[in-house]
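S.K.: Here's my sequence, what's the structure:
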Amino acid sequence: MRRTLVALAAAAMLSMPMVAGPSSALAAKQTQGDGLVQVQVGDVVLNDVIDVNAAVGVVAALCGTDVNVAVLSAVDLTGKKATICKTASGPVTVRQNQ
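M.R.: A predicted model of the protein is given here:
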């Protein structure tokens, strides 16, 4: 009887990571709200992962205009991309980092 209980307990402990492990949706959302974004011009990614505050300077230099940090923070928090301006090389887009 004791061996059966030990075997059941061991089986339960080994199966817990499969049952309680993070789902792919949860893992995908872990980058949201981390303070990091991706800056892209056309189809070229300039910065794969950059701090939101640093991205403000990069985007402002590319667009030749002031950029509000709240706009880029919203991209980080919501995961929705934002096209800040259009240049000769393509649109300057800020996306949530992957």
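S.K.: need the helices for this protein, in chain order.
M.R.: Using DSSP state H, the helices of the chain run over residues 2-20, 24-29, 52-63, 69-78.
S.K.: and those, which one's lowest on average pLDDT?
M.R.: Least confident of the helices of the chain, judged by mean pLDDT, is helix 2-20 with a mean of 45.
S.K.: Phi, psi for residue 97 please.
M.R.: Backbone torsions for residue 97, taken as degrees, to the nearest 10, come to phi -70, psi 150.
S.K.: is it true that it touches residue 38?
M.R.: Yes: using Cβ atoms under 8 Å, residue 97 is in contact with residue 38, at 5.0 Å. The C-beta positions use only the backbone N, C-alpha and C, and glycine is treated the same way.
S.K.: In terms of neighbours, single out the busier of those two.
M.R.: With neighbours defined as other Cβ atoms under 10 Å, residue 97 and residue 38 compare such that residue 38 has more, 21 against 17.
S.K.: residues contacting that one?
M.R.: Residue 38 is in contact with 45, 47-50, 94-98, counting by Cβ atoms under 8 Å, 6 or more residues apart in numbering.
S.K.: ok, and the most crowded of those residues?
M.R.: Among these, residue 94 has the most neighbours (other Cβ under 10 Å), with 26 neighbours.
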